[in-house]
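A.B. asks: Would you be able to build a 3D model of this:
(one chain, ligands or ions: 1)
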Amino acid sequence: MLELSHVHKVYRVGAFGGGRLRAVRDVDLTVEPGQVVSLIGESGSGKSTIGKMVLGLTRADEGRILFEGRDVSRIRGFAARKEYYRHVQGVFQDPFSSFNPIFKADRVFEMIRSSYFPKVSDADWRERVLDAVGTVRLDPGNVLDKYPHQLSGGQLQRLLIARALLLDIRLLVADEIISMLDASTRIDVLNLLVDLKERGLGVLFVTHDLSLGNYVSDRTVILRKGAVAEMGPTRRVFENPLHPYSRHLLSCVPRMDRTWAEVDAERAAHPPPEIDLPTVSEGDFSAPLIEVEEGHFVGIDQG
Ligand SMILES: Nc1ncnc2c1ncn2[C@@H]1O[C@H](COP(=O)(O)OP(=O)(O)OP(=O)(O)O)[C@@H](O)[C@H]1O
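C.D. replies: Residues are numbered from 1 along each chain as shown. Prediction:
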């Protein structure tokens, strides 16, 4: 469904744009229908840039991004872009910024209607909205006809997902969608992503939080400095992390059931296997991956 191959993004930075920042380096990844793929990395690792490239909000400098076989960078013109967004939508971190505070929150649905379904009757449209709102586990009586300030962040986030569902959406880019929500609402929105995947949608779930990625995703991609450090089935990556960076990230996640000392002792008793990481020479911006077990890849060590 979605395939990135050898994707690079270099931003111009500094005074007069004279500097270059390689935000994404030689990234390969895929998302299949009915699959949640987590893109995990610390701040600045290039996660959002990948999401933006998939959404056509910024262009890759090298490499290809294919959605259902079509090169996203070649989608030009209003009609073609509109058609793309019928199938690919993004939801972002701050739900409040996606709503205009002076309009009722469900106005976001009207915008979809006027743009994509101008001929649908009022009654039919209402039916579709109620269906989409129900799918995201909201009670229409509680959320429709309300202003954004009368709704919680979790409710607004779910309204945005409902809006996406009104289209014939096949891929959702969910960029840090729960980082502004409290713990109890987070789990509802995470479970909603699982519902979407069961409906056959592909989800690219961008997060800096490993435990969220572990909870929700089928495959995990760990990014470091714009390149893939490790990628594979989530269970394999979490149970058998092979890249030093993945191990480091995982060791930083607090455990509810153990103290630091216990975790340290366990690690010392069972040191992880050493593997040879791929290498590249200075000035080479490729970031090769080695397949260490089926579908489980490790990338270069960037120090
Ligand atoms: N429009 C831009 N112009 C210049 N540099 C940018 C631009 N957007 C992002 N960057 C830089 O590219 C790098 C990757 O940014 P990106 O937002 O993709 O990272 P991220 O992993 O999503 O981080 P965060 O979790 O903090 O959002 C960062 O160093 C960032 O400062």
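
A.B. asks: what's near enough to touch the residue in the stretch 101-250 of the chain that the ligand sits nearest to?
C.D. replies: Proximity to the ligand, evaluated over the stretch 101-250 of the chain using C-beta to the nearest ligand atom, is greatest for His208 at 5.2 Å. For the C-beta atoms, the positions are set from N, CA and C on the backbone; glycine is no exception. Listed by C-beta atoms under 8 Å, 6 or more residues apart in numbering, the contact partners of His208 are Ile40, Gly41, Glu42, Ser43, Lys47, Glu176, Ser179.

A.B. asks: Show me the helices in the stretch 51-200 of the chain, by range?
C.D. replies: 78-87, 107-116, 122-135, 140-143, 153-165, 183-198 (DSSP state H, counting those that start in this stretch).

A.B. asks: now the ones you listed in JSON lines, with distance to the ligand?
C.D. replies: Output for those, formatted as JSON lines (distance: least, C-beta to the nearest ligand atom, whole Å):
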{"stretch": "helix 78-87", "distance to the ligand": "20"}
{"stretch": "helix 107-116", "distance to the ligand": "23"}
{"stretch": "helix 122-135", "distance to the ligand": "28"}
{"stretch": "helix 140-143", "distance to the ligand": "28"}
{"stretch": "helix 153-165", "distance to the ligand": "17"}
{"stretch": "helix 183-198", "distance to the ligand": "17"}
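
A.B. asks: Make a markdown table out of those helices and add mean neighbour count.
C.D. replies: A markdown table is the format used below for the helices of the stretch 51-200 of the chain (neighbours: other C-beta atoms under 10 Å):
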| stretch | mean neighbour count |
| --- | --- |
| helix 78-87 | 13 |
| helix 107-116 | 15 |
| helix 122-135 | 15 |
| helix 140-143 | 14 |
| helix 153-165 | 24 |
| helix 183-198 | 16 |
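
A.B. asks: Counting neighbours, which of the contacts of His208 end up buried?
C.D. replies: Ile40, Gly41, Lys47, Glu176 (16 or more other C-beta atoms under 10 Å).

A.B. asks: Can you name the residues that contact the third one?
C.D. replies: Spelled out, it's Lys47. So Lys47 contacts Leu39, Ile40, Gly41, Asp175, Val206, Thr207, His208, Leu223 (C-beta under 8 Å, 6+ apart).

A.B. asks: out of those, which are inside strands?
C.D. replies: Judged by DSSP state E, these include Leu39, Ile40, Asp175, Val206, Thr207, Leu223 as members of strands.

A.B. asks: burial measure for the last one, as a count.
C.D. replies: Here the number of neighbours of Leu223 (other C-beta atoms under 10 Å) works out to 27.

A.B. asks: cool, and Val206?
C.D. replies: By other C-beta under 10 Å, neighbour count at Val206 equals 27.

A.B. asks: Quick check, it in contact with Ala174.
C.D. replies: Yes - shown here, Val206 and Ala174 form a contact pair, counting by C-beta atoms under 8 Å, at 6.6 Å.
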